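In: Structure for the following, please:
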Amino acid sequence: MDWSFEGPNGAVTVRREGEKAVCQAIRTAGNDGLYKAWLHGAGGRILLGTLIPEGGALRLRRGMEVAALERQGIWPPTGAEVSLAYTFAPESPPPPDWCWTDCPRRLVEDPLLSRSLKGVKRALLKRDMEGFFLALPWSQHEPFPILPLFCLARLEVLAGGQFAVFRFSRQGRPEPLHNFSEVGENRSTT
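Out: Numbers count the residues shown, from 1 in each chain. This is a model prediction of the structure:
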(Lines give C-alpha, C1' and ligand atoms only; values in the text may rest on other atoms or scores of the structure.)
Protein backbone atom coordinates (compact mmCIF):
# COMPACT_ATOMS: atom_id res chain seq x y z
CA MET A 1 0.00 0.00 0.00
CA ASP A 2 1.27 3.50 -0.86
CA TRP A 3 0.52 6.98 0.49
CA SER A 4 1.62 10.29 -1.00
CA PHE A 5 1.43 13.67 0.71
CA GLU A 6 2.37 16.96 -0.94
CA GLY A 7 2.74 20.34 0.68
CA PRO A 8 4.27 23.74 -0.02
CA ASN A 9 7.73 22.61 1.13
CA GLY A 10 7.92 19.22 -0.53
CA ALA A 11 6.43 15.76 -0.81
CA VAL A 12 6.50 12.63 1.36
CA THR A 13 5.68 9.14 0.14
CA VAL A 14 5.16 6.08 2.34
CA ARG A 15 5.22 2.50 1.07
CA ARG A 16 4.63 -0.61 3.13
CA GLU A 17 7.14 -3.32 2.27
CA GLY A 18 6.38 -6.33 4.45
CA GLU A 19 6.79 -5.31 8.09
CA LYS A 20 8.57 -2.06 7.20
CA ALA A 21 7.33 1.34 6.15
CA VAL A 22 9.69 3.02 3.69
CA CYS A 23 9.33 6.79 3.92
CA GLN A 24 10.82 9.15 1.36
CA ALA A 25 10.76 12.94 1.30
CA ILE A 26 11.90 15.33 -1.44
CA ARG A 27 11.98 19.05 -2.07
CA THR A 28 13.77 21.28 -4.52
CA ALA A 29 17.31 22.13 -3.50
CA GLY A 30 17.97 25.54 -2.04
CA ASN A 31 20.30 27.31 0.31
CA ASP A 32 17.63 28.83 2.56
CA GLY A 33 17.81 26.37 5.48
CA LEU A 34 17.45 22.88 6.92
CA TYR A 35 14.23 20.98 6.26
CA LYS A 36 12.76 18.15 8.31
CA ALA A 37 10.12 15.60 7.33
CA TRP A 38 7.31 14.50 9.67
CA LEU A 39 4.84 11.62 9.41
CA HIS A 40 1.36 12.14 10.91
CA GLY A 41 -1.09 9.60 12.26
CA ALA A 42 -4.23 9.60 14.38
CA GLY A 43 -2.05 9.60 17.52
CA GLY A 44 0.25 12.48 16.62
CA ARG A 45 3.37 12.82 14.52
CA ILE A 46 6.91 11.45 14.37
CA LEU A 47 10.08 12.99 13.01
CA LEU A 48 11.41 11.15 9.98
CA GLY A 49 14.65 13.15 9.80
CA THR A 50 16.48 15.96 8.05
CA LEU A 51 16.59 16.16 4.26
CA ILE A 52 20.08 16.20 2.73
CA PRO A 53 21.34 17.35 -0.70
CA GLU A 54 21.38 14.53 -3.22
CA GLY A 55 21.09 14.62 -7.00
CA GLY A 56 20.10 18.29 -7.26
CA ALA A 57 17.33 18.06 -4.62
CA LEU A 58 16.94 17.67 -0.88
CA ARG A 59 16.02 14.08 -0.02
CA LEU A 60 15.37 11.70 2.86
CA ARG A 61 14.81 7.94 2.86
CA ARG A 62 14.02 6.08 6.06
CA GLY A 63 12.70 2.65 6.88
CA MET A 64 10.69 2.10 10.06
CA GLU A 65 8.97 -0.91 11.64
CA VAL A 66 5.21 -0.76 11.06
CA ALA A 67 4.61 -2.30 14.51
CA ALA A 68 6.52 0.57 16.17
CA LEU A 69 4.50 3.13 14.19
CA GLU A 70 1.26 1.38 15.23
CA ARG A 71 2.25 1.54 18.92
CA GLN A 72 2.81 5.29 18.56
CA GLY A 73 -0.52 5.86 16.78
CA ILE A 74 1.17 6.88 13.53
CA TRP A 75 0.04 3.87 11.43
CA PRO A 76 -1.70 4.07 9.07
CA PRO A 77 -0.39 7.52 8.12
CA THR A 78 -2.93 10.33 7.85
CA GLY A 79 -0.56 12.97 6.53
CA ALA A 80 3.02 14.14 6.29
CA GLU A 81 4.90 17.37 5.88
CA VAL A 82 8.27 18.87 5.09
CA SER A 83 8.95 21.92 7.23
CA LEU A 84 11.70 24.50 7.51
CA ALA A 85 13.51 23.75 10.79
CA TYR A 86 16.32 26.28 10.60
CA THR A 87 16.82 29.20 8.25
CA PHE A 88 20.16 30.23 6.77
CA ALA A 89 18.79 33.64 5.92
CA PRO A 90 20.78 36.51 7.35
CA GLU A 91 19.36 37.90 10.57
CA SER A 92 17.00 40.74 9.94
CA PRO A 93 17.64 43.97 11.80
CA PRO A 94 15.31 44.49 14.75
CA PRO A 95 12.31 46.78 14.30
CA PRO A 96 12.63 50.38 15.57
CA ASP A 97 12.89 50.55 19.40
CA TRP A 98 13.64 46.81 19.65
CA CYS A 99 16.97 45.04 20.18
CA TRP A 100 18.13 41.42 20.13
CA THR A 101 18.83 39.77 23.48
CA ASP A 102 20.83 36.56 23.82
CA CYS A 103 19.61 35.49 27.26
CA PRO A 104 15.90 36.27 27.70
CA ARG A 105 15.57 33.97 30.73
CA ARG A 106 17.53 36.45 32.85
CA LEU A 107 14.80 39.04 32.35
CA VAL A 108 11.99 37.16 34.11
CA GLU A 109 11.52 36.79 37.86
CA ASP A 110 9.61 33.51 38.15
CA PRO A 111 11.75 30.31 38.21
CA LEU A 112 9.15 28.36 36.17
CA LEU A 113 9.15 31.01 33.44
CA SER A 114 12.94 31.13 33.49
CA ARG A 115 13.07 27.33 32.98
CA SER A 116 10.55 27.67 30.12
CA LEU A 117 12.99 30.05 28.42
CA LYS A 118 16.03 27.79 28.89
CA GLY A 119 16.18 26.71 25.24
CA VAL A 120 15.52 30.18 23.78
CA LYS A 121 18.82 31.59 22.57
CA ARG A 122 17.65 34.82 20.90
CA ALA A 123 14.65 37.05 21.39
CA LEU A 124 13.58 40.60 20.66
CA LEU A 125 13.36 43.04 23.55
CA LYS A 126 11.64 46.42 23.74
CA ARG A 127 11.78 48.42 26.97
CA ASP A 128 9.51 51.28 28.01
CA MET A 129 8.86 53.18 31.21
CA GLU A 130 6.47 50.56 32.65
CA GLY A 131 8.49 47.44 31.80
CA PHE A 132 9.29 45.55 28.63
CA PHE A 133 7.99 43.46 25.74
CA LEU A 134 9.68 40.15 25.00
CA ALA A 135 9.17 38.66 21.52
CA LEU A 136 10.12 35.00 21.20
CA PRO A 137 10.51 33.16 17.89
CA TRP A 138 7.42 31.07 17.25
CA SER A 139 6.54 28.28 14.82
CA GLN A 140 3.43 26.13 14.65
CA HIS A 141 5.77 23.12 14.30
CA GLU A 142 7.59 23.70 17.60
CA PRO A 143 6.51 23.79 21.25
CA PHE A 144 5.02 27.13 22.24
CA PRO A 145 7.53 29.41 24.02
CA ILE A 146 6.64 30.02 27.68
CA LEU A 147 3.71 27.60 27.63
CA PRO A 148 2.47 28.75 31.08
CA LEU A 149 1.84 32.21 29.55
CA PHE A 150 0.08 30.95 26.40
CA CYS A 151 -3.05 33.02 27.06
CA LEU A 152 -1.04 36.22 27.54
CA ALA A 153 0.76 36.08 24.16
CA ARG A 154 0.06 38.02 21.01
CA LEU A 155 1.38 36.56 17.75
CA GLU A 156 3.16 39.19 15.63
CA VAL A 157 5.40 39.38 12.58
CA LEU A 158 8.61 41.20 13.56
CA ALA A 159 12.03 41.32 11.87
CA GLY A 160 10.68 39.15 9.05
CA GLY A 161 9.60 36.28 11.31
CA GLN A 162 6.78 34.98 13.50
CA PHE A 163 7.04 35.88 17.19
CA ALA A 164 5.01 35.33 20.35
CA VAL A 165 5.03 38.67 22.18
CA PHE A 166 4.70 38.91 25.95
CA ARG A 167 4.50 41.90 28.30
CA PHE A 168 6.43 42.08 31.60
CA SER A 169 6.71 44.60 34.41
CA ARG A 170 10.08 46.18 35.22
CA GLN A 171 10.52 43.41 37.81
CA GLY A 172 10.04 40.71 35.16
CA ARG A 173 6.49 39.73 36.13
CA PRO A 174 4.05 38.84 33.32
CA GLU A 175 1.30 41.32 32.49
CA PRO A 176 -1.67 41.06 30.12
CA LEU A 177 -0.98 42.59 26.70
CA HIS A 178 -4.52 43.93 26.36
CA ASN A 179 -3.56 46.77 28.72
CA PHE A 180 -1.34 48.15 25.97
CA SER A 181 -2.80 49.46 22.74
CA GLU A 182 -0.08 48.30 20.36
CA VAL A 183 3.03 46.19 20.74
CA GLY A 184 4.76 48.27 18.10
CA GLU A 185 3.60 51.59 19.59
CA ASN A 186 6.42 54.05 20.17
CA ARG A 187 6.98 54.56 23.88
CA SER A 188 9.89 56.31 25.50
CA THR A 189 12.65 53.88 26.41
CA THR A 190 14.62 53.76 29.62
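
In: Isn't residue 110 up against residue 169?
Out: No: applying CB atoms under 8 Å, one finds residue 110 not in contact with residue 169, separated by 11.5 Å. C-beta here means a position set from N, CA and C on the backbone, and glycine is covered the same way.

In: Please identify the buried residues of stretch 59-77?
Out: For stretch 59-77, a neighbour-count test (16 or more other CB atoms under 10 Å) marks 59-60, 64, 66, 69, 74-75, 77 as buried.

In: who touches it?
Out: Stretch 59-77 is contacted by residues 1, 3, 5, 14, 16-17, 19-26, 37, 39-46, 48-53 when judged by CB atoms under 8 Å, 6 or more residues apart in numbering.

In: Buried ones only from these, please, as a PyMOL command.
Out: The PyMOL command for the buried members of those (criterion: 16+ other CB under 10 Å) is given here:
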select buried, resi 3+5+14+21+23+24+25+26+37+39+40+41+45+46+48+51
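
In: On the three-state scheme, the residue nearest to the spatial centre of the chain is what?
Out: Relative to the mean C-alpha position of the chain, the nearest C-alpha, by CA atoms, centre = their mean, is the one of residue 139, at 3.0 Å. Three-state assignment for residue 139 (DSSP: H, G, I helix; E, B strand; the rest coil): coil.

In: For residue 177, give me the pLDDT.
Out: We have a pLDDT of 80 for residue 177.

In: same question but for residue 184, I mixed them up
Out: On pLDDT, residue 184 comes in at 50.

In: ditto for the one 3 residues further on
Out: The pLDDT attached to residue 187 in the predicted structure is 38.

In: repeat for residue 129
Out: The model's pLDDT for residue 129 equals 92.

In: distance of it from residue 82?
Out: Separation of residue 129 from residue 82 (CB to CB, to the nearest Å) stands at 45 Å.

In: Low-confidence regions, the protein specifically.
Out: Scanning the chain for pLDDT under 70 picks out 89-91, 178-190.

In: Which parts of it are strands?
Out: In the chain, the segments counted as strands under DSSP state E are 2-7, 10-17, 20-28, 33-41, 44-50, 52-54, 57-65, 79-87, 99-101, 123-127, 131-137, 154-158, 161-169, 174-175.

In: Please name whichever of those is nearest to residue 116.
Out: Taking CB to CB, strand 131-137 is the member of the strands of the chain nearest to residue 116, at 9.7 Å.
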